[in-house]
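J.: Okay, here's the prediction I keep looking at, along with the sequence it came from:
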Amino acid sequence: MTKQDFLALRNGTDVRGTALPTDGNPVTLTQEAATKISSAFMFWVKDKLKLEKATIAVGHDSRLSAKDLAAWMTEGITACGGNVILTGLSSTPSMFMLLQENFGADASVMITASHLPRDKYGFKFFIKEGGLEGGDVKEILELAAELPESGTPCVRGNVTERSYIETYSADLVEKVRKATGEAEPLKGKRILVDAGNGAGGFYVDRVLKPLGADTVGSQFLEPDGNFPNHIPNPENKEAMKSISEAVKKYDADFGIIFDTDVDRAGAVAKGGEEINRNRLIALISAILLEEKKDGYIVTDSVTSDGLTSFIEGCGGIHHRFKRGYKNVINESKRLNAEGKYSPLAIETSGHAALAENYFLDDGAYLVTRLLIALANSAKAGRELTALIEELPEPLEAAEVRPSFAADCDFKALGAGILADFAKYSEAQPHLSIAPVNYEGVRVNFDEAHGDGWALVRMSLHEPIMPINAESNTAGGVKRILSELYEFLKQYPFLNLAPLVKAIG
């Protein structure tokens, strides 16, 4: 593999590639790639932490090639003198949390590709201070490309097997008991989990049942990398519909859905009411701001104006930032470093990181926080959703994703479009550019021209220009998107078919 082959595997702060030869896609996450990347990570850890010998914990989600990749990574680490602790089926957050305890590892790797199709796979890297940044991953991949084919001669390291998910789960149970003052605060509550055949099935037996919950109706708990029921993704409409229908069918008090590696979550209230995206952000914000006012809630750029007014009504400050879970987390950390209290960084995708939990994006911790509020709300004789009953919600919302023509310089072309759109918006009396905006161009449309807003931006990694729009009036989104189509049709390298379809 060439240096470019290795660097092509970087996806933000992760490594991602194709691990199974499906749909004609060539395998890029090969044995050579996994072995050399793990060797490079071990050397990087030794240098970063000034260690003579490094011990790396390796865990994985439920994907079909998990055991092969774990074996190849183990070989890459031990062949260069590092030790490995194999944790087996794990969640991504647990692979970070084990570094906070006396588990014996200096760093960790989670083998996962989140919600991506079953042929994809990848690696997430952690040291005790947190997940690696994109620059760190680039360094590791460059080092991997420089390693010789035969590896570096040295005394081979040791391999042990030890699960951590039991300890991780017990810590969550103890948090709920301490916060509620009860051993079984969920007794009498029926709470369902949809793990989507990913790694989140542990939450039923190891967290909910010890807290007294009735979990009858939980579904898709068995790990299966074919994902035969639905994509394990709280953003997926089919997945949310599945857990919502289960909550209604079993008359449950609460439903939980995880993505494949449990760093994201969504929820469903009694009666099947979905709690995701803006509603999920509003709920956890209300919980945290009830405990301490004047907090900065950092979200991604596509959150609604109604969410802003809700957070302000709860005594907080809505700080809308760039998309990308690392972006919102780092921004929240920056605010805290400046002395501005920021308890939460959260994306509409369900990535949520709390300051009280190492700013780790942890779906299981997020829903555990919601369960504490559920138990406390029941004591007070109210429904959990009472916390967000004042949330203003748009009448209509849409996201469309026009793409760029193949082999064009989409980043440069996209930057040009955004600059043109900003000039266009400034010249239109019915449009006003949002005064605070960190990503793309966010524009407000007056009541006669859509009664809402639109955000035009560039995707973080793909040749796509996503457009988000919301309106408070029936037909408003169509009017907003129609105006955007009229503006964007001047660019022949943009595929506007998704926009045309949305307009109807």
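T.: Noted; the coordinates are in hand.

J.: what's near enough to touch the residue lying closest to residue 201 once chain neighbours are set aside?
T.: Using Cβ to Cβ, 6 or more residues apart in numbering and skipping the chain neighbours, the partner closest in space to residue 201 is residue 221 (3.4 Å). Where you see a C-beta, it was placed from the backbone N, CA and C, and this is true even at glycine. By Cβ atoms under 8 Å, 6 or more residues apart in numbering, the residues touching residue 221 are 193, 195, 197, 200-201, 204.

J.: Residue 34 versus residue 221, what's the distance?
T.: 28 Å (Cβ to Cβ, to the nearest Å).

J.: Just the pLDDT for the closest residue to residue 98 other than its chain neighbours.
T.: The shortest distance from residue 98 to any residue other than its chain neighbours is 4.5 Å, reached at residue 164 (Cβ to Cβ, 6+ apart). As predicted, residue 164 sits at a pLDDT of 98.

J.: Enumerate the positions of the strand or helix carrying residue 399 that are buried.
T.: Using DSSP states H and E, residue 399 sits in strand 396-400. Of all the residues in strand 396-400, those buried under the rule 16 or more other Cβ atoms under 10 Å are 396-398, 400.

J.: from the residues you listed, which two are the most distant?
T.: Based on Cβ to Cβ, the longest span within the buried residues of strand 396-400 runs between 396 and 400 and measures 13.0 Å.

J.: Who are the packing partners of whichever strand or helix holds residue 73?
T.: Assigned by DSSP H and E, residue 73 belongs to helix 66-78. Packing contacts for helix 66-78, counted by 3 or more Cβ pairs under 8 Å, 6 or more residues apart in numbering; DSSP states H and E, involve helix 31-49, strand 55-60, strand 83-89, strand 107-111, strand 120-127.

J.: Mind doing that once more with 10 Å?
T.: Packing partners of helix 66-78 (3 or more Cβ pairs under 10 Å, 6 or more residues apart in numbering; DSSP states H and E): helix 31-49, strand 55-60, strand 83-89, strand 107-111, strand 120-127, strand 159-161.

J.: Take these and lay them out in a markdown table including distance to residue 9 and mean neighbour count.
T.: Converted to a markdown table, the helices and strands packed on helix 66-78 look like this (distance: least, Cβ to Cβ, whole Å; neighbours: other Cβ atoms under 10 Å):
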| stretch | distance to residue 9 | mean neighbour count |
| --- | --- | --- |
| helix 31-49 | 7 | 22 |
| strand 55-60 | 17 | 26 |
| strand 83-89 | 21 | 20 |
| strand 107-111 | 13 | 27 |
| strand 120-127 | 8 | 24 |
| strand 159-161 | 25 | 12 |
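
J.: For residue 471, find the nearest of the ones you listed.
T.: Taking Cβ to Cβ, strand 120-127 is the member of these nearest to residue 471, at 34.9 Å.

J.: Relative to that closest one, what are the paired strands and their orientations?
T.: strand 14-18 (antiparallel), strand 107-111 (antiparallel), strand 130-131 (antiparallel) (DSSP bridges).

J.: Take those strands and lay them out in CSV including distance to residue 140 and mean pLDDT.
T.: CSV is the format used below for the strands paired with strand 120-127 (distance: least, Cβ to Cβ, whole Å; pLDDT from 0 to 100):
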stretch, distance to residue 140, mean pLDDT
strand 14-18, 8, 95
strand 107-111, 11, 98
strand 130-131, 13, 96
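
J.: Can you tell me the closest non-neighbouring residue to residue 200?
T.: residue 258 (3.4 Å).

J.: To clarify, my last question referred to residue 479.
T.: residue 450 (4.3 Å).

J.: mind listing what that neighbour touches?
T.: 396, 430-431, 443-444, 469-473, 475-484 (Cβ atoms under 10 Å, 6 or more residues apart in numbering).

J.: Can you list phi and psi of it for me?
T.: In terms of degrees, to the nearest 10, the main-chain angles of residue 450 are phi 140, psi -20.

J.: And it, how close does it get to residue 471?
T.: For residue 450 relative to residue 471 (Cβ to Cβ), the value is 6 Å.

J.: How many residues are close by residue 243?
T.: Residue 243: 29 surrounding residues under other Cβ atoms under 10 Å.

J.: Report the secondary structure state of it.
T.: helix (DSSP: H, G, I helix; E, B strand; the rest coil).

J.: Could you tell me which strands the helix or strand bottoming out on mean pLDDT in the chain is paired with, and in which direction each runs?
T.: The least trusted helix or strand in the chain, going by mean pLDDT, DSSP states H and E, turns out to be strand 10-11, with a mean of 93. Strand 10-11 has these partner strands in its sheet, going by DSSP bridges: strand 14-18 (antiparallel).

J.: Can you name the residues that contact the nearest residue to residue 388 once chain neighbours are set aside?
T.: In space, and not counting its chain neighbours, residue 388 is closest to residue 282: 4.7 Å by Cβ to Cβ, 6+ apart. Neighbour list for residue 282: 275, 297, 303-304, 306-307, 310-311, 314, 387-388, 390-393 [criterion: Cβ under 10 Å, 6+ apart].

J.: Where neighbours are concerned, which of those residues has the most?
T.: residue 297 (29 neighbours).

J.: can you tell me the helix or strand for that one?
T.: Using DSSP H and E, residue 297 sits in strand 296-299.

J.: what does whichever helix or strand comes after that strand contact?
T.: Of the helices and strands lying after strand 296-299 in sequence (DSSP H and E), the nearest is helix 305-313. With contacts defined as Cβ under 10 Å, 6+ apart, helix 305-313 is touched by 277-279, 281-282, 285-286, 289, 295-297, 299, 303-304, 316-320, 344, 348, 388, 390-394, 434, 442, 444, 452-453, 470, 472.

J.: Next, check those residues against the strands and list the overlap.
T.: Counted as lying in strands by DSSP state E, out of the contacts of helix 305-313, are 296-297, 299, 317-320, 344, 442, 444, 452-453, 470.

J.: Identify, from these, the entry nearest to residue 74.
T.: Proximity of these to residue 74 (Cβ to Cβ) peaks at residue 344, which lies at 36.5 Å.

J.: For the closest one, give me its contacts.
T.: By Cβ under 10 Å, 6+ apart, the contact list for residue 344 reads 281, 284-285, 287-289, 295-299, 311, 316, 328-329, 332, 352-356, 359, 366.

J.: Could you do residue 123 as well?
T.: 9, 14-17, 29, 33-34, 37-38, 41, 58, 60, 69, 73, 109-113, 132, 137, 140.

J.: and if you look at residue 52?
T.: Contacts of residue 52 by Cβ under 10 Å, 6+ apart are 46, 81.

J.: and if you look at residue 243?
T.: 192-194, 196, 217-220, 230, 234, 252, 255-258, 266-268, 272, 274.

J.: Give me the pLDDT value at it.
T.: Per-residue pLDDT puts residue 243 at 98.

J.: quick one: residue 233 is in a helix?
T.: No: counting by three-state DSSP, residue 233 falls outside a helix, being coil.

J.: Assess the claim that it and residue 263 are in contact.
T.: No: counting by Cβ atoms under 10 Å, residue 233 sits too far from residue 263 to count as a contact (11.7 Å).

J.: shared neighbours of these two, which are they?
T.: 114, 350.

J.: who's more crowded, the two?
T.: Between residue 233 and residue 263, residue 263 has the larger neighbour count (other Cβ under 10 Å), namely 29 against 24.

J.: Quick check, central residue of the chain?
T.: Nearest to the mean C-alpha position of the chain, by Cα atoms, centre = their mean, lies residue 351 at 3.6 Å.

J.: hmm, back to that, give me the distance between the very next helix or strand once past the strand holding residue 399 and the centre of its chain.
T.: Helices and strands here follow DSSP H and E; after strand 396-400, the next one along the chain is strand 403-404. Chain-centre distance of strand 403-404: 24 Å, with Cα atoms, centre = their mean, to the nearest Å.
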